[in-house]
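>>> this one's sequence-less:
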């Protein structure tokens, strides 16, 4: 899904760098006049308060995903509007434009109040007396509320709103939970009407959990889109990796970028870009994917091939008859040696295609054989990703994305 782009740590860093160079990056929530049920049904109302230092990925993702579900989202600054009006200086140099002020919303009712984290943003939310009163009244009336990152510990727990509840937060803030809170080391925790989550990398899951609480599982699955795993490693080919992440998110897939290295940051093959993954592969092994697809780059492919947990995920994917794919060096160096091309036609980077047992399709730029999709090199990366879009969403969506990219 497009919201997934907002949630990735890679995009967060890029947005920060862009804001620093351009001076201002504006991000607004969207207001939807019709509810998820259609037919003029009144939309559910959601409040996302922000403050100086708020984590922009968490605020934007929460607002965007809930808007996509059909909610009418209001982003409100916890500080009175000053000389900058409704512009809020969020973290990483990103500036958010709020829809209004919390102080002006007293007496209005919401179906959900969701607090993004970040520091000192969570402190700014905590110290806003109008927001504290609003959230407490909302909770006393049985309303749904949530918080992510530092906000569960710094804000909700400080207000006494997690007493006797299971909750999670950014790992470094777990010790700040009061004694009345039952801490849980989990990406998202739902306990009664409180939903908490760990940080920017879990922002999509947090927002989808809120959608499920508001609208039900069917709507949540509709909004989420297919779940795709793109593993990355030092030496991964950047053109191929970026094509997969960008194009699949444009199409509406929920793309999880997972590092197979010892840390989230990896260095790409040719231009040595620093790419920040959404999570470590260990976290991704707990999830079930609609597609697993690998970029190439010889060094990266060799790391994939030696990563048992990734190979096990790929084998499970193939055995479950779910789509999987690879481009460039990865078909020859990952799929072939682990028996994942058995009985399948495939292609690979030309100097490596001799490693494939069946070389009958090696001259093709993209090869689709059942649930296996393979391709040759950076120059075929867009065709490769569009073939995956067609596999996941159908030809009409693939043609639409191709036209958006001026590919056709």
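Perfect, I can see it now. None of these values were measured; they are calculated from a predicted model.

>>> doesn't residue 96 fall inside a helix?
No: read with DSSP: H, G, I helix; E, B strand; the rest coil, residue 96 is strand and lies in no helix.

>>> What residues does the residue lying closest to it once chain neighbours are set aside make contact with?
Excluding the flanking residues, the one nearest residue 96 by CB to CB, 6 or more residues apart in numbering is residue 88, at 4.6 Å. (C-beta placed from N, C-alpha, C; glycine too.) By CB atoms under 8 Å, 6 or more residues apart in numbering, the contact set of residue 88 is 50-52, 54, 77, 79, 95-98.

>>> What is the neighbour count of residue 158?
Neighbourhood size, residue 158 [other CB atoms under 10 Å]: 20.

>>> and what of residue 63?
Applying other CB under 10 Å, we find 29 other residues in the vicinity of residue 63.

>>> can I assume it is in contact with residue 72?
No: between residue 63 and residue 72 there is no contact under CB atoms under 8 Å: 10.8 Å.

>>> any common contacting residues for those two?
By CB under 8 Å, 6+ apart, residue 63 and residue 72 have these common neighbours: residue 46.

>>> what's the neighbour count on residue 392?
Neighbour count for residue 392, taken as other CB under 10 Å: 19.

>>> mind giving me the domain ranges of this structure?
As given by automatic domain parsing, the domain ranges for the chain are 2-222, 225-404.

>>> Kindly reformat those as TSV containing mean pLDDT.
As requested, the domains of the chain are exported to TSV (pLDDT from 0 to 100):
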stretch	mean pLDDT
domain 2-222	83
domain 225-404	95
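
>>> List the residues that contact residue 356.
With contact taken as CB under 8 Å, 6+ apart, residue 356 is in contact with 331-332, 336, 341, 346-348, 362.

>>> Swap in 7 Å and give it another go.
Counting by CB atoms under 7 Å, 6 or more residues apart in numbering, residue 356 touches 331-332, 336, 341, 346, 348, 362.

>>> mind listing what residue 144 touches?
For residue 144, the contacting residues are 111-112, 193, 213-214, by CB under 7 Å, 6+ apart.

>>> re earlier: in a strand, that's where the residue nearest to residue 96 is, yeah?
Yes: under three-state DSSP, residue 88 falls within a strand.

>>> how much space between it and residue 77?
As judged by CB to CB, to the nearest Å, residue 88 and residue 77 stand 5 Å apart.

>>> same deal with residue 205?
Distance of residue 205 to residue 77, given as CB to CB: 26 Å.

>>> Looking at the two, which has the bigger crowd around it?
Shown here are residue 205 and residue 77; by other CB under 10 Å, residue 77 has more neighbours (28 against 21).

>>> Quick check: the more buried one touching residue 98?
Yes: under the criterion of CB atoms under 7 Å, residue 77 makes contact with residue 98 at 4.2 Å.

>>> For these two, list the residues in contact with both.
In contact with both residue 77 and residue 98: 50, 86, 88, using CB under 7 Å, 6+ apart.

>>> which one of those residues is nearest residue 124?
Lowest distance from residue 124 to the shared contacts of residue 77 and residue 98 (CB to CB) belongs to residue 50, with 8.4 Å.

>>> hey, what's the closest one bridged with?
Counting by DSSP bridges, residue 50 forms beta bridges with residue 77.

>>> all strands in the stretch 1-150 of the chain, in order from the N-terminus.
In the stretch 1-150 of the chain, the strands defined using DSSP state E, counting those that start in this stretch lie at 45-50, 72-77, 87-89, 95-97, 100-101, 112-115, 144-148.

>>> So which other helices or strands are in contact with the first one?
Secondary structure elements in contact with strand 45-50, counted by 3 or more CB pairs under 7 Å, 6 or more residues apart in numbering; DSSP states H and E, are helix 56-69, strand 72-77, strand 112-115.

>>> Spell out which strands sit alongside the shortest one in the sheet and which way each one runs.
If I follow you right, that is strand 112-115. In the sheet, strand 112-115 lines up with strand 45-50 (parallel), strand 144-148 (parallel) (DSSP bridges).

>>> secondary structure class for the residue located most distally from the centre of the chain?
Distance from the centre of the chain peaks at residue 360, with 38.0 Å (CA atoms, centre = their mean). Three-state assignment for residue 360 (three-state DSSP): coil.

>>> Can you lay out the contacts of residue 356 as TSV showing neighbour count and secondary structure?
Listed next are those as TSV, based on neighbours: other CB atoms under 10 Å; DSSP: H, G, I helix; E, B strand; the rest coil:
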residue	neighbour count	secondary structure
331	32	helix
332	27	helix
336	22	coil
341	24	coil
346	28	coil
348	31	coil
362	21	coil
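
>>> could you measure the residue lying closest to residue 165 once chain neighbours are set aside against residue 291, distance?
Using CB to CB, 6+ apart and skipping the chain neighbours, the partner closest in space to residue 165 is residue 191 (4.4 Å). Distance, residue 191 to residue 291, using CB to CB: 32 Å.

>>> the more surrounded of the two?
Per other CB under 10 Å, whichever of residue 191 and residue 291 has more neighbours is residue 291, with 23 against 15.

>>> Any figure for the gap between the more buried one and residue 373?
9 Å.

>>> Next: residue 262.
29 Å.

>>> Of those two, which one has the most company?
Neighbours per residue (other CB under 10 Å) separate residue 262 from residue 373, with residue 373 holding more: 25 against 8.

>>> what about that one, which helix or strand?
For residue 373, the enclosing helix or strand under DSSP states H and E is strand 372-375.

>>> Now render the strands of the stretch 1-150 of the chain as JSON lines, adding distance to residue 380.
Below are the strands of the stretch 1-150 of the chain laid out as JSON lines (distance: least, CB to CB, whole Å):
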{"stretch": "strand 45-50", "distance to residue 380": "41"}
{"stretch": "strand 72-77", "distance to residue 380": "40"}
{"stretch": "strand 87-89", "distance to residue 380": "43"}
{"stretch": "strand 95-97", "distance to residue 380": "39"}
{"stretch": "strand 100-101", "distance to residue 380": "48"}
{"stretch": "strand 112-115", "distance to residue 380": "41"}
{"stretch": "strand 144-148", "distance to residue 380": "39"}
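
>>> ok, now which ones touch the nearest residue to residue 45 once chain neighbours are set aside?
By the measure of CB to CB, 6+ apart, the closest residue to residue 45 outside its immediate chain neighbours is residue 110, 4.6 Å from it. Contact analysis of residue 110 by CB under 7 Å, 6+ apart lists 45-47, 138, 143.
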